[in-house]
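Colleague: Mind folding the following:
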Amino acid sequence: MNKYFFGITDTGKSRDNNEDSFIATSLTEDRLILASVIDGVGGYHGGEVAAAIAKEEILKQFKGLSVDPIAEMINAFNKTNEVIAVRKKTEKELSEMACVATLVLADIEHNQFYYAHVGDTRLYLLRDGSLVKISKDHSFVGFLEDSGRLDETAAMQHPKRNEINKAIGFSDQMSSDESYIETGQSPFLPGDLLLICSDGLTDMVNKQDIITLLLQGDDLSKKAENLVAMANENGGRDNITVVLVQNNKKLQQAAPTKPRPAQQTATTAEPTMQSPINNNHHSPSTAPAKPKRNFWFTALVFLCLILLGATVFLFLQTRRTPEQASPQVLSPTTPVRNSQEKLLQDAFDNAVGDTVVLSDSIFKSPVLISDTLRIRKDTLYILARGLVLQADTGYKGAALSMLTPAKLLGLDSLQFKGFANAVSISNQALLLKNVRFTSCKLHVNNNLNFPDQQMVSAGFPNIVVSSNTSPKSTDSKNGAK
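Modeller: Model prediction:
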């Protein structure tokens with residue numbers, strides 16, 4: 001295969017079949033390179049079929065010269081989605097199949113690359129020794145990592161790192177949802193290197209080790225083989241696929257220029273021009289400067305004294321505030337939590353990381369709720385294992401409420417019973433998985449707040465409730481248990 005692009009796929013050490021596929025081909029004499037990594041989802045056989053369908057449809061779309069690369073990529077993904085949907089309906093054994101994919105068209109002649117992406121395969125750009133992640137992972141853990149809430153090490157070890165929320169074959173409405181497919185374009189400069197890979201590489205090899213192998217002086221085939229080998233050395237728990245594309249143009253280097261005589265003269269003359277100013281200490285024009293400096297110094301000291309006095313006054317006022325507020329805190333109308341409520345609130349407040357697992361050996365279901373449980377952490381995922389929260393007699397408040405600092409709350413396998421309002425949020429993100437509401441008047445109350453006296457343009461999408469999740473775990477995606 002050409003030395004400016006190369007692709008390789010490997011089954012890994014834990015799988016006995018390969019659901020990955022890739023494309024690495026030249027469209028116009030190495031000036032236009034089509035590259036893709038496709039990762040199948042949905043059981044032992046289904047993932048392979050979905051990946052094969054995607055590869056076939058992409059190659060069909062790019063048979064001729066590309067006029068609008070991004071539009072053609074979107075068409076290829078939409079056509080793949082349609083074909084997969086038909087096969088799922090006609091062949092029951094393929095009913096769970098889907099795939100994730102990253103597609104790149106590198107225009108080396110014009111120093112540009114275009115991409116389309118769905119799922120958790122990845123696109124990186126290596127430039128000047130720095131590796132930049134271009135695509136975004138369409139998964140809960142990917143969101144946490146991209147937003148800075150998880151570092152790379154924590155993301156690689158997260159138990160939900162392979163659960164995706166987007167894939168080709170998941171949604172019949174993909175073609176009508178413009179946000180479903182991530183697209184973009186970027187400069188592709190001489191010497192730049194693109195890496196497209198499946199999660200079988202990035203789950204096993206950290207970013208720094210990837211950079212080290214890519215910077216070694218081997219050709220692209222050797223670089224790719226070294227990446228696959230390291231992924232296998234680190235465990236090889238999934239199929240591993242790597243595609244590399246390089247802009248093979250020579251780097252443009254500007255020749256050094258000799259300074260002109262005029263520049264040298266100006267530089268030399270600079271001290272001479274300043275010397276009369278520096279040496280003229282006894283000139284009569286400088287005499288009034290001294291009292292002027294004294295005036296400003298006095299004014300500055302006076303201002304500092306005013307600021308100091310104001311600071312002391314505010315400090316004393318702040319100290320009085322808690323004392324004045326204390327009678328309200330100790331009001332007898334404040335609800336008293338039971339021991340299980342206190343344990344739950346402590347678990348939410350003191351969670352290490354972003355995930356709380358509620359053990360059934362500690363929390364006895366149902367937990368009677370007499371006061372709102374408040375979520376204060378920026379991001380929190382609660383794995384409840386079927387725990388039931390039940391409203392105490394006469395309690396009319398919310399079971400859970402996201403306070404202002406919180407931005408994202410995930411609830412997994414939690415049940416709410418008898419609440420006037422189960423969950424209260426305000427312009428915040430809420431993820432529900434296997435959550436059940438029983439005899440609740442209002443399941444989720446979203447208080448939307450907009451700027452006062454300002455024009456607002458907003459859309460309120462329909463909520464699609466599905467009993468299916470979107471697992472792409474290392475166990476389930478290849479059908480293993």
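Colleague: How is the protein divided into domains?
Modeller: 5-246, 339-446 (automatic domain parsing).
Colleague: most neighbours per residue, which of these?
Modeller: Highest mean neighbour count among the domains of the chain (mean count of other C-beta atoms under 10 Å): domain 5-246, with a mean of 20. All C-beta atoms are positioned from the backbone trio N, CA, C, and that covers glycine.
Colleague: how far away is the closest residue to residue 244 other than its chain neighbours from residue 63?
Modeller: Nearest non-adjacent residue to residue 244, counting by C-beta to C-beta, 6 or more residues apart in numbering: residue 220, 4.6 Å away. Here residue 220 is placed at a distance of 25 Å from residue 63 (C-beta to C-beta, to the nearest Å).
Colleague: How about the secondary structure of the residue lying closest to residue 234 once chain neighbours are set aside?
Modeller: In space, and not counting its chain neighbours, residue 234 is closest to residue 204: 4.3 Å by C-beta to C-beta, 6+ apart. Here residue 204 is recorded as coil under DSSP: H, G, I helix; E, B strand; the rest coil.
Colleague: and residue 204, how far is that from residue 98?
Modeller: Taken as C-beta to C-beta, the span from residue 204 to residue 98 is 23 Å.
Colleague: Equivalent analysis for residue 244, please.
Modeller: Using C-beta to C-beta, one gets 26 Å for the distance from residue 244 to residue 98.
Colleague: Can you name the residues that contact the residue nearest to residue 244?
Modeller: Residues near residue 220 by C-beta atoms under 8 Å, 6 or more residues apart in numbering: 3-6, 244, 246.
Colleague: any idea which of those residues is the one closest to residue 104?
Modeller: Proximity of the contacts of residue 220 to residue 104, judged by C-beta to C-beta, is greatest for residue 5, which lies at 10.0 Å.
Colleague: tell me the contacts of that closest one?
Modeller: 24-26, 30, 33, 35, 106, 220, 243-246.
Colleague: one more time with 10 Å
Modeller: By C-beta atoms under 10 Å, 6 or more residues apart in numbering, the contact list for residue 5 reads 23-26, 30, 33-35, 104, 106, 108, 194, 220, 243-246, 248.
Colleague: Apart from its chain neighbours, what residue comes closest to the spatially most central residue of the chain?
Modeller: By C-alpha atoms, centre = their mean, the chain has its centre lying nearest to residue 146, at 2.6 Å. Nearest residue to residue 146 in three dimensions, chain neighbours excluded: residue 136, at 5.4 Å (C-beta to C-beta, 6+ apart).
Colleague: Looks like the one you found contacts residue 142 (just checking).
Modeller: Yes - proximity of residue 136 to residue 142 meets the contact threshold set by C-beta atoms under 10 Å, at 6.5 Å.
Colleague: and for these two, which residues touch both?
Modeller: 120, 122.
Colleague: In this protein, where is pLDDT below threshold?
Modeller: Filtered on pLDDT under 70, the chain yields the residue ranges 1-2, 30, 43-44, 65, 252-295, 316-335, 361, 458-481.
Colleague: And the helices in it?
Modeller: 46-61, 69-90, 140-146, 152-157, 199-202, 207-215, 220-233, 261-279, 289-329, 339-349 (DSSP state H).
Colleague: helices or strands next to the third one in the packing?
Modeller: If contacts are counted by 3 or more C-beta pairs under 10 Å, 6 or more residues apart in numbering; DSSP states H and E, helix 140-146 sits against helix 152-157, strand 379-383, strand 408-412, strand 429-433.
Colleague: Mind putting these into a markdown table with distance to residue 198?
Modeller: What follows is the helices and strands packed on helix 140-146, written out as a markdown table (distance: least, C-beta to C-beta, whole Å):
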| stretch | distance to residue 198 |
| --- | --- |
| helix 152-157 | 14 |
| strand 379-383 | 25 |
| strand 408-412 | 25 |
| strand 429-433 | 24 |
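Colleague: Quick check: closest non-adjacent residue to residue 386.
Modeller: For residue 386, the spatially nearest residue (C-beta to C-beta, 6+ apart) is residue 413, at 5.3 Å.
Colleague: Isn't that neighbour up against residue 384?
Modeller: Yes - if you go by C-beta under 10 Å, residue 413 and residue 384 touch, sitting 5.0 Å apart.
Colleague: Give the intersection of the neighbour lists for these two.
Modeller: Common neighbours of residue 413 and residue 384 (C-beta under 10 Å, 6+ apart) are 358, 434-435.
Colleague: and those as JSON lines, adding distance to residue 378?
Modeller: Shown next, in JSON lines, are those (distance: C-beta to C-beta, whole Å):
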{"residue": "358", "distance to residue 378": "20"}
{"residue": "434", "distance to residue 378": "24"}
{"residue": "435", "distance to residue 378": "21"}
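Colleague: Relative to residue 171, which of these is nearest.
Modeller: Using C-beta to C-beta, residue 434 is the member of the shared contacts of residue 413 and residue 384 that lies nearest residue 171, at 20.0 Å.
Colleague: any idea how far the closest one lies from residue 386?
Modeller: 9 Å.
Colleague: Keeping just the C-alphas, turn stretch 12-19 into CSV.
Modeller: The C-alpha trace of stretch 12-19 is given here as CSV (Å, rounded to 0.1, in the frame of the first residue of the first chain):
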residue,chain,number,x,y,z
GLY,A,12,-7.0,-8.5,19.4
LYS,A,13,-6.4,-11.0,22.1
SER,A,14,-9.9,-11.4,23.6
ARG,A,15,-12.1,-11.7,20.5
ASP,A,16,-12.4,-14.6,18.1
ASN,A,17,-13.9,-12.5,15.3
ASN,A,18,-13.2,-9.0,13.9
GLU,A,19,-16.1,-6.5,13.6
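Colleague: any idea how far that stretch is from the chain center?
Modeller: 27 Å (C-alpha atoms, centre = their mean, to the nearest Å).
Colleague: Pretty sure residue 194 sits against residue 134.
Modeller: Yes - in this structure, residue 194 is within contact of residue 134 by C-beta under 10 Å, at 8.4 Å.
Colleague: Relative to residue 27, how far out is residue 382?
Modeller: 49 Å.
Colleague: Show me the contact partners of stretch 147-159.
Modeller: 133, 136-137, 139-146, 161, 199, 202-208, 353-355, 357, 377-379, 381, 383, 407-408, 473.
Colleague: What's the end-to-end length of that stretch?
Modeller: End-to-end distance for stretch 147-159, by C-alpha to C-alpha, to the nearest Å: 18 Å.
Colleague: Stretch 175-190 too?
Modeller: 35 Å.
Colleague: Check the offset of it from the chain's centre.
Modeller: Mean-position distance between stretch 175-190 and its chain equals 16 Å (C-alpha atoms, centre = their mean).
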